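In: Sequence and predicted structure, then a few things I'm wondering about:
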Amino acid sequence: AQSVTQPDIHITVSEGASLELRCNYSYGATPYLFWYVQSPGQGLQLLLKYFSGDTLVQGIKGFEAEFKRSQSSFNLRKPSVHWSDAAEYFCAVGGGNTGFQKLVFGTGTRLLVSP
Amino acid sequence: GAVVSQHPSWVICKSGTSVKIECRSLDFQATTMFWYRQFPKQSLMLMATSNEGSKATYEQGVEKDKFLINHASLTLSTLTVTSAHPEDSSFYICSASALGGLNTEAFFGQGTRLTVV
């Protein structure tokens, strides 16, 4: 069965510092991988996705993620965090034959940005 | 991106009553809508998939008679929690995608916090 682990419940980063949010997945075939962000009172917004090809994926808002098959990981990174990045981040995995449909989400990581 | 609106954002209801949650696609036609629920400190779990004009497909373990899903138009799907009980208290969130195949992005609503007292 598919599963996603986000080991960090909370992370605090200073504004301007770099960020890495961890995500590990379990899936028997080539996964479709996603990162979403949720601000309070708002829906989930897609940051980036990996389907195939280049394992380093660029997303919106300056985020990127790298798919590492050998480590079953899809960590999210940003070189310089802004205060507006404070939000909840969800990693998700989907199947090759279901694409965006049946997504399995991690428990989320709440990012706090300190001045 | 496309906008999906859920209503209400939060609701409190008495045990035994029914609650309806609406999910609307505001600027596109949503041929497929998905309903998820999230318990505190847990993942979002897919409950069901609904296609316009068809019966919803429920995930294993989700009671279809308790969570009634209607997708009568290309812009509206509703989730009705019937005879709600405190254990149904949760965060319910919908997503919607337009016709275009499996790689069509699904856009999420802002979610509905249901509290059953």
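Out: Received it, and whenever you're ready, just let me know what you need.

In: near chain A, anything from the host helix or strand of residue B:20?
Out: Assigned by DSSP states H and E, residue B:20 falls within strand B:19-25. No - Strand B:19-25 does not reach chain A (C-beta under 8 Å from any C-beta of the partner chain); its nearest approach is 10.3 Å. (Each C-beta comes from the backbone N, C-alpha and C, glycine too.)

In: Just checking: what are the partner strands of that strand?
Out: Here strand B:19-25 is paired, per DSSP bridges, with strand B:4-7 (antiparallel), strand B:76-81 (antiparallel).

In: What residues of it count as buried?
Out: Buried residues in strand B:19-25, defined by neighbour count with 16 or more other C-beta atoms under 10 Å in any protein chain shown: B:19, B:21-25.

In: what helices or strands is the very next helix or strand once past that strand leaning on?
Out: Counting by DSSP H and E, the element after strand B:19-25 in chain order, helix or strand, is strand B:32-38. Contacts defined by 3 or more C-beta pairs under 8 Å, 6 or more residues apart in numbering or on different chains; DSSP states H and E place strand B:32-38 against strand B:19-25, strand B:44-51, strand B:67-73, strand B:76-81, strand B:90-97.

In: ok, 10 Å please
Out: In terms of contacts (3 or more C-beta pairs under 10 Å, 6 or more residues apart in numbering or on different chains; DSSP states H and E), strand B:32-38 is packed against strand B:19-25, strand B:44-51, strand B:67-73, strand B:76-81, strand B:90-97, strand B:112-116.

In: on that earlier part again, now the strand holding residue B:20, how far from the centre of its chain.
Out: For strand B:19-25, the separation from the chain centroid amounts to 7 Å (computed by C-alpha atoms, centre = their mean, to the nearest Å).

In: Output it as CSV - backbone C-alpha positions only.
Out: Provided in CSV are the C-alpha atoms of strand B:19-25 (Å, rounded to 0.1, in the frame of the first residue of the first chain):
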residue,chain,number,x,y,z
VAL,B,19,-24.9,18.2,7.6
LYS,B,20,-24.4,19.2,4.0
ILE,B,21,-21.1,20.5,2.7
GLU,B,22,-20.9,22.1,-0.8
CYS,B,23,-17.9,22.1,-3.1
ARG,B,24,-18.1,24.4,-6.1
SER,B,25,-15.7,24.9,-9.0
